[in-house]
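>>> Have a look; sequence and predicted model below, questions after that.
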Amino acid sequence: MLPTYQQVDGTMLRAGFTTGTTAAAAAKAATYLLHHRQNMTEIELDIPAGFHLTLPLVLVEQKDGFVRVGIRKDAGDDPDVTHQALIIAEARPGQAEKITLLGGEGVGRVTKPGLAVPVGDYAINPGPRAQILAAVQSVLPPDSGVTITITVPEGRQLAKRTLNAQLGIVGGISILGTTGIVEPMSADAFKRSLLPQIDVALAAGIRRLVLTPGKMGKSNALSHLPVVEDAVVVTSNFIGYMLKACAAKGIEEVLLYGHIGKLVKVAAGITETHSSIADARRETLVAHAALLDVPKNALVELMSHNTAEESAAYLQEHGYQAVLTAVATAAARRAEKIAGGSLQVGCILLNLASVIIAQDERSHQWCEVNSYE
């Protein structure tokens, strides 16, 4: 029985189990059925978090020389892209007293260094790998061996909704999970999933990163900046978290690159930029405008705007470009403080047309780009 988590509004959210747990259970069942030809509809499994699970088998194929078992991953109430994905383990006789674990269709392969799995191997992380091997060993007869192949039929499509391509994992999803369970709606888990991007960059010898909130920012950075793909890191809304991680991991320089609506918040010291957490976009723009002696009527106009995009267009149209430059500079300096003073940070602000509308002096020095429309 997996745990539930009570929310502040009194509702209960259900935990789920990881792709690693799903693969381990399927591998255990397939191994057992390879040596005991009988009907099975479920399999029991102990997971690292200390829970005992009974999981239903949704696919069982018993053929001459191999067995295939499929189980659906249940992420509970977590918005996991692999929720309900079918994970299949195929078991074939192998070398005596040896368990060989392979990946198949829909399981990614690692192509870049810096991850927990060596280049060339299937993306089955160390925790799940140990979990699968232990589960198989528990039902493997003495002196027997087995080859287990994990496949995920939907893996290639699901991987498009993950960071795998940016991490150099191609061909499918990763088999993940340390504890064996998925905690619902875990922001911490999502933040941790962003960190391998930094490790890949470090392994490639990169010490200056471009941090951008989203995939569109990454695409723009690769199109318009003199950078390689591994140098561009997606932060989502967790800009402060990723700045601190960069500093802790030895990155020396960071360029903040993204839409003004996100990065103006950094100038105000807001480290998590989702609108539900904090919002001071208008107030920050107005404060910098006031410091540059922008007339009161313009300040009132800025405070009436609904979006930072609207405000940026107004400032440019009325000759107040210096305000946007001041915001970019403030975001860069504030980011340095957020990171603990060990990073040098530059900042480039974009509008929705992906045009640069402002940048600080350091970004000028790093990147010869300048496009204030």
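Here it is on my side, so go on. For clarity, every value in this text was computed on a predicted model and none was experimentally measured.

>>> rest of the way, CA atoms for contacts and neighbours
Fine.

>>> quick one: contacts for V182?
A15, G16, F17, T18, A75, G76, D78 (C-alpha atoms under 8 Å, 6 or more residues apart in numbering).

>>> where along the stretch 201-350 of the chain do the strands fall?
For the stretch 201-350 of the chain, applying DSSP state E, counting those that start in this stretch gives strands covering 208-212, 232-234, 253-259, 344-350.

>>> the inter-axis angle of the last one versus strand 253-259?
Here the directions of strand 344-350 and strand 253-259 differ by 20 degrees (axes from the mean of the first three to the mean of the last three C-alpha atoms, to 10 degrees).

>>> quick one: strands adjacent to the very next helix or strand once past strand 344-350?
Helices and strands here follow DSSP states H and E; after strand 344-350, the next one along the chain is strand 356-359. The strands beside strand 356-359 in its sheet (DSSP bridges) come out as strand 344-350 (antiparallel).

>>> This protein: helices as residue ranges?
For the chain, the helices defined by DSSP state H cover 19-35, 126-137, 155-159, 164-167, 187-194, 196-203, 215-224, 239-249, 260-267, 281-291, 296-304, 308-317, 321-338, 361-366.

>>> now the lowest-mean-pLDDT helix or strand in the chain: how far from the chain's centre is it?
Across the helices and strands of the chain, the lowest-confidence element by mean pLDDT, DSSP states H and E is strand 4-6, at a mean of 79. Distance of strand 4-6 from its chain centroid, counting by C-alpha atoms, centre = their mean, to the nearest Å, is 24 Å.

>>> Next: stretch 224-235.
16 Å.

>>> so where is the stretch 101-250 of the chain shaky, pLDDT-wise?
Within the stretch 101-250 of the chain, the stretches with pLDDT under 70 are 185-186.

>>> S354 touches K218, doesn't it?
No: between S354 and K218 there is no contact under C-alpha atoms under 8 Å: 11.0 Å.

>>> one step back: sheet-wise, list the partners of the least confident helix or strand of the chain with their directions.
strand 12-14 (antiparallel).

>>> can you give me the strands in the stretch 51-200 of the chain?
52-56, 59-63, 66-72, 86-93, 99-103, 106-107, 109-110, 146-151, 169-170, 172-173, 181-182.

>>> list the contacts for T273?
N237, F238, I239, K262, K265, V266, D279.

>>> Please determine how far it is located from R334.
According to C-alpha to C-alpha, to the nearest Å, T273 stands 14 Å off from R334.

>>> Over to L102?
For L102, the distance to R334 - C-alpha to C-alpha - is 47 Å.

>>> What is the nearest of the contacts of V182 to P3?
Nearest to P3 among the contacts of V182, counting by C-alpha to C-alpha, is A15 at 5.8 Å.

>>> And the closest one, its phi and psi?
Note on A15: backbone dihedrals following degrees, to the nearest 10 are phi -70, psi 160.

>>> tell me the contacts of it?
L2, P3, T4, Y5, A75, G76, D77, D78, I181, V182, E183, P184.

>>> Let me have the residues you listed in CSV, extended by distance to Q365.
Output for the contacts of A15, formatted as CSV (distance: C-alpha to C-alpha, whole Å):
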residue, distance to Q365
L2, 53
P3, 52
T4, 52
Y5, 49
A75, 46
G76, 48
D77, 47
D78, 43
I181, 47
V182, 44
E183, 44
P184, 44
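
>>> Show me which of those residues are buried.
Neighbour-count burial (16 or more other C-alpha atoms under 10 Å) is assigned, among the contacts of A15, to L2, T4, A75, G76, D77, D78, I181, V182, E183, P184.

>>> Out of the residues you listed, which is nearest to M40?
L2 (22.4 Å).

>>> What's the local residue count around the closest residue to I169 other than its chain neighbours?
Distance criterion C-alpha to C-alpha, 6 or more residues apart in numbering; nearest residue to I169, sequence neighbours excluded, is V110 at 4.6 Å. When neighbours are defined as other C-alpha atoms under 10 Å, V110 has 25 of them.

>>> from what I can see V110 touches P118, true?
Yes: with contacts counted by C-alpha under 8 Å, V110 reaches P118, the gap being 6.9 Å.

>>> re earlier: okay, who's weakest in the contacts of V182 by pLDDT?
Lowest pLDDT among the contacts of V182: D78, with 84.

>>> What distance do you get for that one to R14?
To R14, D78 is 8 Å away according to C-alpha to C-alpha.

>>> Which neighbours do those two have in common?
With C-alpha under 8 Å, 6+ apart as the test, D78 and R14 both reach E183, P184.

>>> and the helices of the chain as JSON lines, adding mean neighbour count and distance to I173?
As requested, these are exported to JSON lines (neighbours: other C-alpha atoms under 10 Å; distance: least, C-alpha to C-alpha, whole Å):
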{"stretch": "helix 19-35", "mean neighbour count": "29", "distance to I173": "10"}
{"stretch": "helix 126-137", "mean neighbour count": "20", "distance to I173": "13"}
{"stretch": "helix 155-159", "mean neighbour count": "18", "distance to I173": "5"}
{"stretch": "helix 164-167", "mean neighbour count": "20", "distance to I173": "7"}
{"stretch": "helix 187-194", "mean neighbour count": "13", "distance to I173": "13"}
{"stretch": "helix 196-203", "mean neighbour count": "21", "distance to I173": "15"}
{"stretch": "helix 215-224", "mean neighbour count": "17", "distance to I173": "18"}
{"stretch": "helix 239-249", "mean neighbour count": "20", "distance to I173": "23"}
{"stretch": "helix 260-267", "mean neighbour count": "26", "distance to I173": "29"}
{"stretch": "helix 281-291", "mean neighbour count": "19", "distance to I173": "37"}
{"stretch": "helix 296-304", "mean neighbour count": "14", "distance to I173": "45"}
{"stretch": "helix 308-317", "mean neighbour count": "17", "distance to I173": "36"}
{"stretch": "helix 321-338", "mean neighbour count": "23", "distance to I173": "33"}
{"stretch": "helix 361-366", "mean neighbour count": "15", "distance to I173": "35"}
